[in-house]
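In: sequence first, predicted model second:
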2 protein chains.
Amino acid sequence: MKKLLLLSILILFGFGASAQQSLNSKINDISPEINPDGTVTFRLVAPKAVKVEITGDLLEQQPVKTNRGMEMAPVPVEMKENADGVWEWTTPKPLEPELYRYAYIVDGLRILDPNNVHIIRDVAEMCNIFIIGGGQADLYKVQDVPHGTVASVWYDSPAVGFDRRITVYTPAGYENKANAKKRYPVIYILHGAGGDEEAWLHLGRATQILDNLIAAGKAEPMIAVFTNEYMNQEAEVGESSLGLNRPGFMLDVSREIPKGVTFEKGFIDIQNFVDNTYRTIAKKSGRAICGLSMGGGYTVRTAYTYPQNFDYVGVFSAAFSPATREEAKAVEDAAFAAEFKTAPKLYWIGMGKTDFLYQSGVAHRQLFDSKGYKYEYYESEGGHIWRNWSLYLSIFASKCFK
Amino acid sequence: MKKLLLLSILILFGFGASAQQSLNSKINDISPEINPDGTVTFRLVAPKAVKVEITGDLLEQQPVKTNRGMEMAPVPVEMKENADGVWEWTTPKPLEPELYRYAYIVDGLRILDPNNVHIIRDVAEMCNIFIIGGGQADLYKVQDVPHGTVASVWYDSPAVGFDRRITVYTPAGYENKANAKKRYPVIYILHGAGGDEEAWLHLGRATQILDNLIAAGKAEPMIAVFTNEYMNQEAEVGESSLGLNRPGFMLDVSREIPKGVTFEKGFIDIQNFVDNTYRTIAKKSGRAICGLSMGGGYTVRTAYTYPQNFDYVGVFSAAFSPATREEAKAVEDAAFAAEFKTAPKLYWIGMGKTDFLYQSGVAHRQLFDSKGYKYEYYESEGGHIWRNWSLYLSIFASKCFK
């Protein structure tokens, strides 16, 4: 009887091999706490610590010198210890709607918040996240709307000679029998340097954005394909046969590939796989491509490498400068000319005012202006940050396939 | 020209908004390091720390008192600081092949290894992981074999009145046009208390196990469906419309559901969705169900609630004791009788020798023995741990659909 009772309790209230602590949540375990007035309180139990700071993009930024020049960066703030050894800090003002990242610095050691399991990886750095909802930031939340399917899918890449992973989003309803004959447009979404086929999902909230835009009727139902632009990688670090390596751009987790296989060259394997596997609208009017930073550069070049493949091109904070050497310029000019012979319906360029690549964007637009190639330009506050890229994707995706 | 060069370097070697540090990997940044002799070295740069320990299942276990009684638990080991403020520890012996978990304790504060981005969540506790390959543990690695698709999929659950998330694994080849007419058996895989539709993937390495068994011809190609047994949850914490909550069993992240909706009742919505959406063998011979701990209990009850639905039933370290009260016993006996009227082809029970639920397993087997219901029994070393559940899944999945 006693055993039965024990089992009932276990079954009703659950138990984990090593997680009893979560059964006894106390205020000290709550962090971050979004207060009714919109301020946010952070807590860390660390009675032996001498100094605890918080860092992250919710803090005031100031110019600091980095190896890219002067950039805005957060100034860590000291937290205050109470009598129980709990370090606490509350934002002086309500936070604007946004997805925020943070971490603690305990006596010089950067650590994650043990009270917050919501963690994202940016290349090799882990951060905790939280969302202040409202306005644009509501697009980043999981809402009570129909959700698309998010799948990790492996495709055979003849260009490199091994299987590689992509992430594929199919919009809500795609799998319904009622839609069995319906075909969907495809948006290819490219990460920046150090990223992979998961970067846009975790750092950019891309599938939440698509779910929410589509549910609100602000974007067409579309398939989204997230590529991995490092053609010498099978997949995200930890998801390839090279093991649980440390991430570190392409150098640490790479395989041998045939010489000269660029992302642009290998892209056609992805497009072929997607068109063969999903119910796509397999023509120019049914394809968009966009990418950020390094992936913005790849977007420009993939679009002109296949000059009649994409009706929608989105270039976000792109690592792209028009060629200047005579020979390269001639090749590039010819490629753009082929692309704009029948121009894409939309060529969208987004850039942040303080982006360290701002001048490259100016040069790109000057070239297009000089040739009479039409584009839309969107300039936002801030620099080379995910906050801008999530915003650009929201705007660009809303304009595609209409 | 200088700008061009800068851009080329950026594009070739990549850059991240906040991750330059990973460009300068040094020995202090390598942790864990699996040494040629099979020992493992851990490192943490923490010059201001007074005491640094490592904890995890790679350490010696000793009996400790928990709220479940005496259990084996690791004894944290002190690391040693060198002149550079780097704390280091090397295992005294080579580690056996296995997936291991660990964390550091810095002056009493449990933290993750900042050098290791491979992190799993067990309910509310995060751990770093690494794998020592060889033997059974090779099943846990991503190998250079064809990989199945892993998808987060939302299904409409009439039982509860909202959409809920499942994880669906379709084996390599499922999406190939050549297999368009091929149907596949389905294994339903249930988590334990505090788990969700992702638990078996991250903690149990289930999709790696299936990829590797299928590639080696040791298991039939099968679809695997990972459910969330908390019918009042939409999805894993952070993936539901209730926000980026703290995980804590079903209490913190739950919605209202109609009274009396148990997992067993709601299961049929999942089965219907799967049979309607995927190319399944939609009959008893094409269905398996298995689960661990609480999910083992649900497995027992789901199998007898739908007595002719499953030819393969796997009960791992189950939170299931036969009913003892007369009325409940009569109902349960009748249910088992209906199930064993045409017995499943395989009823497989796995249990660890030191599992705190060991006696429940004894009672379960005694009941089946007394009724003459056939089952296979497998007993392993150790207790109520993922190491056993990954092993049980490997064995059980190999025996299904043959």
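Out: Yep, it's here.
In: and the strands in the stretch 51-200 of chain A?
Out: Secondary structure of the stretch 51-200 of chain A (DSSP state E, counting those that start in this stretch): strands at A:52-56, A:61-66, A:69-74, A:77-78, A:80-81, A:86-90, A:98-106, A:109-111, A:119-122, A:125-132, A:149-157, A:162-170, A:186-190.
In: so where is the stretch 301-402 of chain A shaky, pLDDT-wise?
Out: Across the stretch 301-402 of chain A, nothing is flagged by pLDDT under 70.
In: quick one, strands of it?
Out: A:312-316, A:346-352, A:376-380.
In: what pairs with the longest one, parallel or antiparallel?
Out: What it means is strand A:346-352. strand A:312-316 (parallel), strand A:376-380 (parallel) (DSSP bridges).
In: can you pull the buried residues of the last one?
Out: When you say that, I think you mean strand A:376-380. Residues of strand A:376-380 classed as buried by neighbour count (16 or more other C-beta atoms under 10 Å in any protein chain shown): A:378, A:380. Where you see a C-beta, it was placed from the backbone N, CA and C, and this is true even at glycine.
In: quick one: contacts for A:Q208?
Out: A:139-143 (C-beta atoms under 8 Å, 6 or more residues apart in numbering or on different chains).
In: return the members of these classed as buried.
Out: A:139-143.
In: closest one of those to A:T277?
Out: A:V142 (26.4 Å; C-beta to C-beta).
In: how much space between that closest one and B:A397?
Out: 31 Å (C-beta to C-beta, to the nearest Å).
In: do you have the helices of the stretch 151-300 of chain A handy? List them.
Out: Under the criterion DSSP state H, counting those that start in this stretch, the stretch 151-300 of chain A contains helices at A:199-202, A:206-215, A:263-277, A:294-305.
In: point out the most buried one among those helices.
Out: Greatest average neighbour count among the helices of the stretch 151-300 of chain A goes to helix A:294-305 (a mean of 26), per mean count of other C-beta atoms under 10 Å in any protein chain shown.
In: for that helix, which helices and strands make contact with it?
Out: Applying 3 or more C-beta pairs under 8 Å, 6 or more residues apart in numbering or on different chains; DSSP states H and E, one finds that helix A:294-305 contacts strand A:186-190, helix A:263-277, strand A:287-292, strand A:312-316, helix A:326-341, helix B:2-13.
In: starting at the chain centroid, how far to the second one?
Out: Using C-alpha atoms, centre = their mean, to the nearest Å, we find the averaged C-alpha position of helix A:263-277 to lie 21 Å away from the chain's own average C-alpha position.
In: list of residues touching that helix?
Out: Contacts to helix A:263-277, defined as C-beta under 8 Å, 6+ apart, come from residues A:153, A:155-160, A:166, A:168, A:186, A:188, A:190, A:223, A:225, A:227, A:229, A:231, A:280, A:282, A:287, A:298, A:301-302, A:305-306, A:309, B:175, B:177.
In: which of those are buried, as a ChimeraX select command?
Out: Selection of buried members from those for ChimeraX, criterion 16+ other C-beta under 10 Å:
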select /A:153,155,157,159,160,166,168,186,188,190,223,225,227,229,231,280,282,287,298,301,302,305,306,309 /B:175
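In: do you know which of the helices of the stretch 151-300 of chain A lies nearest B:S293?
Out: Closest among these, using C-beta to C-beta: helix A:199-202, at 29.2 Å.
In: pLDDT weak spots in chain A?
Out: By pLDDT under 70, the low-scoring segments of chain A are A:1-25, A:248-253.
In: and if we set it to 80?
Out: Low-confidence segments of chain A (pLDDT under 80): A:1-26, A:66-72, A:247-253.
In: closest to the centroid, which residue in it?
Out: In chain A, the residue lying closest to the centroid (C-alpha atoms, centre = their mean) is A:W200, at 2.2 Å.
In: what's near enough to touch the closest residue in space to it that isn't next to it in sequence?
Out: In space, and not counting its chain neighbours, A:W200 is closest to A:A206: 4.2 Å by C-beta to C-beta, 6 or more residues apart in numbering or on different chains. With contact taken as C-beta under 8 Å, 6+ apart, A:A206 is in contact with A:169, A:189, A:200, A:224, A:226, A:390, A:393.
In: for the first one, which non-adjacent residue is spatially closest?
Out: This points to A:Y169. Spatial nearest neighbour of A:Y169, excluding adjacent residues (C-beta to C-beta, 6+ apart): A:A224 at 4.0 Å.
In: show me what that neighbour is bridged to.
Out: Beta-bridge partners, per DSSP bridges, of A:A224: A:Y169, A:I187.
In: number of nearby residues for it?
Out: 27 (other C-beta atoms under 10 Å in any protein chain shown).
In: so how far is B:Q61 from it?
Out: The gap separating A:A224 from B:Q61 is 46 Å, by C-beta to C-beta.
In: same deal with A:A199?
Out: In terms of C-beta to C-beta, A:A199 sits 38 Å off from B:Q61.
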